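Trainee: This is a predicted model, with the sequence first.
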Amino acid sequence: MAAGIEAVRKASRADSVIVWIPDYFCNEALEPLRTLPFKLKFYPIREDLTPDWSKIETRANHNHSVQVFILVHYFGIPNALADAKTFCDHHRMILLEDGAHLLRPHAGLAEGDLLVFSPRKLLAIPSGGILVLPRHLEVHIEDSCRYPKANDVLPWVSLRLVQMILQRCRVPYHYFRSHAFRDGGVDGSQIPNSPELFNCAPYTLNLMSVMEAELAGIIQKRRRNYLSLLEWLVGLEQARPLFFLDSEETCPYTFPLLVAEGVSEALAKLQSAGIPVSQWPLLPPEVRRHPSEHTVALQTYEHLLLLPIHQGLSLDQVKMMGRRLQKVLRG
């Protein structure tokens, strides 16, 4: 993402770029952007995580020459792409689609000027991201001939082997994982070194090549798990799903569940039962410092639980998770 926006800046010969970012955004993912001459501008979202266009219009800056608008397809669910394109065309902004939660593009997606994908979030690969950009920007991408060290791949392979062994022994390996703190990340005062680009490791490319033929099956399994988990929420007043799967092409990244009360208690009980439920990472400090301007993002952050529905789960495991979830919420 940082490399794509920097390519736009260089091509425009601009001193800086205004980057419009949804206020419901992971602060850690902004670290590379903070090292570059970008001005981050956080726009508010609605309860369905679409941009709040009425409020955004009042904040639009027509004086700056280069502006990039980031639209996030949260949890694999298509966001308001048509509205975003209309807005960007009207204000002469570059549209960047953040598809980090998408498995692959399909109809109604991937129509922005720049696109970012993160296959490691949905596939069993150690690392790797994808940047799609116009040909005229390629010259501004610093392509490094170096590859990541083997040490970056070996720990991932070792972890996967341990997970497979524990899974066959019916031991939930999530018991042995330490949960990340929600109050970490960069606040703007601690700036890391300028981001580097690496070629993708050959091992990772080979894995992705093998998995390419399996994408249709992966989508089917993720949708099956999502819909199965959805059935356990019928009749529950304490929680509701953030999204429903409208299109057959939609591949969910995770199951976002809004819990009215007792979020921390439910999170602790589910994790203690071996279910790797999580919450959204820390929001940017600019958002937390102005709660009145980012009410929906902060409320979503406090009340949203993320449940796994990945293709490695069996239907019995999903049913066990749904049964436990129902019991915790009713309790």
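Mentor: Received it, and whenever you're ready, just let me know what you need. Numbering: from 1, shown residues only.
Trainee: what ranges of this structure fall below the confidence cut-off?
Mentor: By pLDDT under 70, the weakly predicted segments of the chain are 142-152, 170-196.
Trainee: let's go with 80 and repeat that
Mentor: Scanning the chain with the threshold set as pLDDT under 80 gives 61-64, 107-108, 142-160, 163-164, 166-201, 331.
Trainee: show me where it has strands.
Mentor: Per DSSP state E, the chain carries strands over the ranges 17-22, 38-43, 67-72, 94-99, 114-117, 130-132, 239-241, 255-259, 304-307.
Trainee: Would you convert those into CSV that also reports distance to His140 and mean neighbour count?
Mentor: No exception for glycine: its C-beta is placed from N, CA and C like everyone else's. Output for these, formatted as CSV (distance: least, CB to CB, whole Å; neighbours: other CB atoms under 10 Å):
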stretch, distance to His140, mean neighbour count
strand 17-22, 13, 24
strand 38-43, 15, 18
strand 67-72, 14, 24
strand 94-99, 13, 24
strand 114-117, 12, 22
strand 130-132, 12, 15
strand 239-241, 41, 15
strand 255-259, 36, 21
strand 304-307, 35, 20
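Trainee: JSON lines for these, including distance to Val157?
Mentor: Shown next, in JSON lines, are these (distance: least, CB to CB, whole Å):
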{"stretch": "strand 17-22", "distance to Val157": "34"}
{"stretch": "strand 38-43", "distance to Val157": "35"}
{"stretch": "strand 67-72", "distance to Val157": "31"}
{"stretch": "strand 94-99", "distance to Val157": "26"}
{"stretch": "strand 114-117", "distance to Val157": "23"}
{"stretch": "strand 130-132", "distance to Val157": "22"}
{"stretch": "strand 239-241", "distance to Val157": "35"}
{"stretch": "strand 255-259", "distance to Val157": "28"}
{"stretch": "strand 304-307", "distance to Val157": "26"}
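Trainee: Arg168: which of those strands is closest?
Mentor: Taking CB to CB, strand 304-307 is the member of the strands of the chain nearest to Arg168, at 23.2 Å.
Trainee: What lies in contact with the closest one?
Mentor: Here strand 304-307 makes contact (CB atoms under 8 Å, 6 or more residues apart in numbering) with 75, 229, 239, 242, 254-259, 263, 266-267, 270, 275, 277-280, 321, 325.
Trainee: go on, stretch 43-57?
Mentor: By CB under 8 Å, 6+ apart, stretch 43-57 touches 20-24, 59, 71-72, 74, 79-80, 83-84, 87, 242-243, 293-297, 300.
Trainee: And stretch 236-256, what's buried?
Mentor: 238-239, 242-243, 245, 249-256 (16 or more other CB atoms under 10 Å).
Trainee: Quick one: closest of the strands of the chain to Met164.
Mentor: strand 304-307 (22.0 Å).
Trainee: show me what contacts Ala2?
Mentor: Listed by CB under 8 Å, 6+ apart, the contact set of Ala2 reads 32-33, 35-36, 195.
Trainee: quick revisit: sitting in helices, which of the contacts of stretch 43-57 do you find?
Mentor: 59, 83-84, 87, 295-297, 300 (DSSP state H).
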